[in-house]
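> Compute the structure for the input listed below.
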Amino acid sequence: MLGWLIRRVLQAALLVLATTVIVFIGLHFVGNPIDILVSPQADSVERLRLTKALGLDLPLWRQYLRFLDGVAAGDFGISFVYGQPALRLILERMPATFELAGAAMVIAVGFGIPLGLYAGLRPESPASRLVMGASLFGFSLPAFWVGLMLIFCFAVRLGWLPSSGRGATVSILGVRWSFLTLDGLRHLILPALNLALFEISLVIRLTRAGVREVLPQTFVLFAHAKGLSDTRVIFVHVLKNILIPVITVVGMEFGSLIAFAVVTESVFAWPGMGKLIIDSINLLDRPVIVAYLACMVVIFILINLIVDILYMVLDPRVRK
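Reported below is the predicted structural model:
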């Protein structure tokens, strides 16, 4: 176990290093931040002064070594736009993105597993066909269009829910959360639902496929033959076995929710990492972009590690 963990940590370090190299080189060829940060009316002296101040006058390899030297001390550089440490900007907005992704995953699991379980147990019923047909929309409809429709229906036409922002928050250990207040919860519903739509469809289909695969198995038939109730067979024997692949995929998808919350955060003006990275890309804010992508790689690696551990806990065969 210890050797496996050490290998995963070394692989993670190499992956983060490779990511920073690729991003650093790619951003160098995308454009010059000076062209955006400096007024077109500024003279060459002003442009040169800012170029030196940001360290952009150095060769690319020296810029990268300077960046690595800062990373070793926990410093990803100063944002060109905000004038603050890039990592601090990311960490300040990380709770909002985690809160949104967490709420979306709760919605996905809360609706997806029961609906998928019903669709697997009653595959020929009209309600089951309706559920499976509706799940296709979750895969097909683009997130930005669904978000705009949710705003139009529930915020503009009905006026039930707010259309943007995070609402009132509560600070716990220095971290602000909106789901702990009624106003914050109202602000959270629409963006979380929008982000969860694809995941609900995925969980429904995974659960249904698992149920249809497990029901004909010998241990399920034997449980029925012993006279166990249908409820016990479903929730103890069937559900326990289908949860292993579902948890694996859901865990992997949680990382995707965090990384791809960009569209939802932009549509609903949710103040998370996604909105920050969009603004940073538009302004070629290199330190923030590199810090964001490095954080995303670390988050994906940690989530994969947690999923692997959960898989070993749920399935003893993996530990052998």
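
> What is the least confident helix or strand in this protein?
Across the helices and strands of the chain, the lowest-confidence element by mean pLDDT, DSSP states H and E is helix 33-37, at a mean of 64.

> Just give the number of residues close to Leu121.
Leu121 is flanked by 16 other residues according to other Cβ atoms under 10 Å. Every C-beta, even on glycine, is put in place using the N, C-alpha and C of the backbone.

> Please enumerate the helices of this structure.
Remark: helices assigned in the chain by DSSP state H are 2-30, 33-37, 44-53, 60-72, 86-121, 126-140, 143-150, 182-214, 218-225, 230-232, 239-259, 262-267, 273-282, 286-314.

> Would you reformat the ones you listed as a markdown table and include distance to Ser171?
Output for the helices of the chain, formatted as a markdown table (distance: least, Cβ to Cβ, whole Å):
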| stretch | distance to Ser171 |
| --- | --- |
| helix 2-30 | 30 |
| helix 33-37 | 33 |
| helix 44-53 | 35 |
| helix 60-72 | 29 |
| helix 86-121 | 10 |
| helix 126-140 | 35 |
| helix 143-150 | 28 |
| helix 182-214 | 12 |
| helix 218-225 | 49 |
| helix 230-232 | 43 |
| helix 239-259 | 22 |
| helix 262-267 | 21 |
| helix 273-282 | 19 |
| helix 286-314 | 22 |
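
> quick one, which of these is nearest to Val170?
Nearest of these to Val170, taken as Cβ to Cβ: helix 182-214 at 7.6 Å.

> Which positions within the closest one qualify as buried?
Along helix 182-214, the positions that meet the burial threshold by neighbour count (16 or more other Cβ atoms under 10 Å) are 184-185, 187-211, 214.

> Over to stretch 62-72?
If you call a residue buried by 16+ other Cβ under 10 Å, then stretch 62-72 has these buried ones: Gln63, Tyr64, Phe67, Gly70, Val71.

> How about the residue most central in space within the chain, nearest residue that isn't a chain neighbour?
In the chain, the C-alpha nearest the mean C-alpha coordinate belongs to Ile258, at 1.5 Å (Cα atoms, centre = their mean). The shortest distance from Ile258 to any residue other than its chain neighbours is 4.8 Å, reached at Ala101 (Cβ to Cβ, 6 or more residues apart in numbering).

> Run a quick neighbour tally on the one you found.
Neighbour count for Ala101, taken as other Cβ under 10 Å: 27.
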